[in-house]
Structure formats: structure tokens, C-alpha cells
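K.L.:
Next input, structure requested:
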Amino acid sequence: MANKIIFSGPHSGGGWQVKSSGAKRASSIHKTQAEAVRVGRQIAKNQQCEHKIQGRDGQIRQSNSYGNDPFPPRDMKH
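P.N.:
Take a look at the predicted model:
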């Protein structure tokens, strides 16, 4: 399950979807983007993978990693 990504974005039939990378069908479809983001975040946390949030145009607006992050933020304190 390396590099699995959960996407929360627009659904072609209307509404918003949660979909795993490589999947042909959506895991779930929701009326609002907020619902899709909430469900996608929970799935990503459970599976310890990355969650990408898409806008209406399909562009990635936000990306969060829940698990083993290969590039963790560096401590800026000196």
C-alpha cells in the first residue's frame, strides 16, 4: 500500500466524492465539499496515507500527510 492517496474532489455526476488513487469508482459521494473532506480525512488517518483536497476545477488546493511523512517539516529553532 505504498504511496496511497485519498482524494476529496468534485464528482462528475454532481456533488463531491472521496476516491482512492488507482480506484475506478468513488468510495463515497457527498452533497457538500465539507462532508467529502471530513470523510476523506478520516480515511487517510485510518490508513495512514496522504489526503489531497481538490477545488471545483480539480486543482489540488491542500495536501495533508497522516502517517510516515518522508519529508517532515524541519524545526526552524536555532
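
K.L.:
so where do the strands sit in this protein?
P.N.:
5-10, 16-20, 28-30, 50-54, 60-65 (DSSP state E).

K.L.:
by contact count, what packs against the first one?
P.N.:
It stands for strand 5-10. Under the contact definition 3 or more CB pairs under 8 Å, 6 or more residues apart in numbering; DSSP states H and E, strand 5-10 sits against strand 16-20, helix 33-47, strand 50-54. C-betas here are computed from N, CA, C, even on glycine.

K.L.:
Neighbours of Gln54, how many?
P.N.:
Neighbours of Gln54 under the rule other CB atoms under 10 Å: 21.

K.L.:
now it, nearest residue through space, not along the chain?
P.N.:
In space, and not counting its chain neighbours, Gln54 is closest to Gly9: 3.1 Å by CB to CB, 6 or more residues apart in numbering.
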